[in-house]
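Chemist: Show me the folded form of this:
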Amino acid sequence: MDLSPVWLSLKLAAITTILLLLIGLPLAWWLSKKRSYLKLVIEALITMPLVLPPSVLGFYLLLAFSPQRGLGKWLNEIFNLQLVFSFQGLVLASVIYSMPFMISPVKSAFQQLPLSLSQASYTLGKTQWQTLRYVLLPNIKPSLLTATILTFAHTLGEFGVVLMIGGNIPGVTRVASIAVYDSVEQMDYAAANNYSFILFAITFVLVMGIFIYNKYQVKSPLE
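Modeler: Numbering: from 1, shown residues only. Predicted coordinates for the structure are as follows:
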């Protein structure tokens with residue numbers, strides 16, 4: 001059994017999760033504070049991957065980053081960067097597709113924190129960044145962990161988006177979900193079962209970990 005698609009899926013999920021932590025935390029915090037039409041537009045765009053068919057999102061990403069047109073052509077000519085049918089393209093697509101799984105739980109957690117918590121921090125001379133890092137984030141650890149695990153697990157099982165923008169290149173873009181599809185097409189059900197079981201087992205352990213942590217954690221008095 002070729003395990004390279006499994007390792008590639010794990011690598012993709014890990015990189016995507018790290019990037020979304022860096023992008024999603026400040027964005028979720030900003031969204032939890034703002035009250036404007038711009039916020040509504042951004043929230044709608046972030047939520048779209050939850051309701052759009054993955055093939056639709058993948059198709060538009062394929063058009064946007066095609067090396068023959070628009071942004072993709074500019075990236076290819078200026079930076080010699082081709083996102084279509086490459087691992088970098090898979091990362092970009094996964095970040096967009098998994099973004100709501102990171103941002104929505106974290107934003108909701110920020111909104112549930114009492115406003116007096118931030119105000120007390122500012123009164124003590126803390127900056128917004130210090131307040132976010134040392135005051136707010138420690139009080140949303142359960143939600144942050146849930147968002148991180150869900151993002152990782154969701155990215156691990158992606159199929160439509162990664163197939164559209166990455167294709168099926170062994171060792172480059174052939175992740176485990178695509179390996180399952182290939183095995184079924186070739187009527188190699190034993191291989192399909194092996195890949196499926198590995199994905200199922202990893203995802204089950206991750207999700208069970210969330211429930212166990214949330215059940216036995218010591219809750220903050222602010223939550």
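
Chemist: what's the distance between the residue nearest to the spatial centre of the chain and L124?
Modeler: Among the residues of the chain, the one closest to the centroid is S98, at 3.3 Å (C-alpha atoms, centre = their mean). Separation of S98 from L124 (C-beta to C-beta, to the nearest Å): 36 Å. (C-beta placed from N, C-alpha, C; glycine too.)

Chemist: again with V205
Modeler: Going from V205 to L124 by C-beta to C-beta gives 41 Å.

Chemist: which SS class is A179?
Modeler: Classification of A179 using DSSP: H, G, I helix; E, B strand; the rest coil returns helix.

Chemist: Hmm, it is touching Y195, no?
Modeler: Yes: using C-beta atoms under 8 Å, A179 is in contact with Y195, at 4.9 Å.

Chemist: Now for these two: what residues contact both?
Modeler: Counting by C-beta atoms under 8 Å, 6 or more residues apart in numbering, the contacts common to A179 and Y195 are P5, V6.

Chemist: Give the buried residues for stretch 158-177.
Modeler: 158-168, 172-177 (16 or more other C-beta atoms under 10 Å).

Chemist: quick one: low-confidence ranges for this protein?
Modeler: Applying pLDDT under 70 to the chain flags residues 217-223.

Chemist: Which parts of it are helices?
Modeler: Counting by DSSP state H, residue ranges of the helices within the chain are 4-33, 37-51, 54-64, 70-79, 87-112, 115-123, 128-131, 141-156, 160-166, 176-185, 189-216.

Chemist: Just the CA trace of the second one, in PDB.
Modeler: What follows is the C-alpha trace of helix 37-51 in PDB, where atoms were taken according to Å, rounded to 0.1, in the frame of the first residue of the first chain:
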ATOM      1  CA  TYR A  37     -21.900  46.300   6.400                       C
ATOM      2  CA  LEU A  38     -18.300  45.500   5.500                       C
ATOM      3  CA  LYS A  39     -18.300  42.900   8.300                       C
ATOM      4  CA  LEU A  40     -21.500  41.300   6.900                       C
ATOM      5  CA  VAL A  41     -20.000  41.000   3.500                       C
ATOM      6  CA  ILE A  42     -16.800  39.500   4.800                       C
ATOM      7  CA  GLU A  43     -18.700  37.000   7.000                       C
ATOM      8  CA  ALA A  44     -20.900  36.000   4.100                       C
ATOM      9  CA  LEU A  45     -17.800  35.400   1.900                       C
ATOM     10  CA  ILE A  46     -16.100  33.400   4.700                       C
ATOM     11  CA  THR A  47     -19.300  31.300   5.100                       C
ATOM     12  CA  MET A  48     -19.800  30.600   1.400                       C
ATOM     13  CA  PRO A  49     -17.600  27.400   1.400                       C
ATOM     14  CA  LEU A  50     -20.000  25.800   3.800                       C
ATOM     15  CA  VAL A  51     -22.900  26.100   1.300                       C
END
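
Chemist: Good, wrapping up.
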